[in-house]
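Visitor: no sequence on hand, only this structure:
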């Protein structure tokens, strides 16, 4: 089984073999991640729930392939950002999941659609 560290290394090698590191800035990598996310959203734009049901039900394999492609592009961007900033994405993800586990504890949110403000958002001054 491939782990996140291995995928991060595959991304690093891909970038280095093409000598692209010199073109990568955090701004451009973040923008690329957002653009790829937009391409994923575009697949669903103006579609109804039947579209989703057909994908989930295995009836629309072409759309599923498009979704897999865009999600992979987003992952590439995330790995490239982690590589550029030299942090371990697996560690960062585990830390984030631990924070979310505390914020959205099962006893209080199970089966409920809730949005709990992050501690960072609660600390920010409102400058309106």
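Guide: Looks like it came in fine. Just so we're clear, the structure is a prediction, and the values are computed from it rather than from any experiment.
Visitor: so which elements touch the strand or helix carrying residue 75?
Guide: Taking DSSP states H and E as the definition, one finds residue 75 inside helix 61-85. Where contact means 3 or more C-beta pairs under 8 Å, 6 or more residues apart in numbering; DSSP states H and E, helix 61-85 is packed against helix 4-17, helix 26-44, helix 49-56, helix 89-103. Just so you know, the C-beta spots here come from the backbone N, C-alpha and C atoms, and that holds for glycine as well.
Visitor: what's the following helix or strand after the last one?
Guide: Read it as helix 89-103. helix 106-109.
Visitor: so where's this protein shaky on pLDDT?
Guide: Per-residue confidence for the chain (pLDDT under 70) gives these ranges: 1, 119-128.
Visitor: try it again with 90
Guide: 1-2, 108, 112, 114-128 (pLDDT under 90).
Visitor: hang on, the earlier thing: just put the helices and strands packed on helix 61-85 in TSV and tack on mean neighbour count.
Guide: Formatted as TSV, these follow (neighbours: other C-beta atoms under 10 Å):
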stretch	mean neighbour count
helix 4-17	14
helix 26-44	14
helix 49-56	12
helix 89-103	12
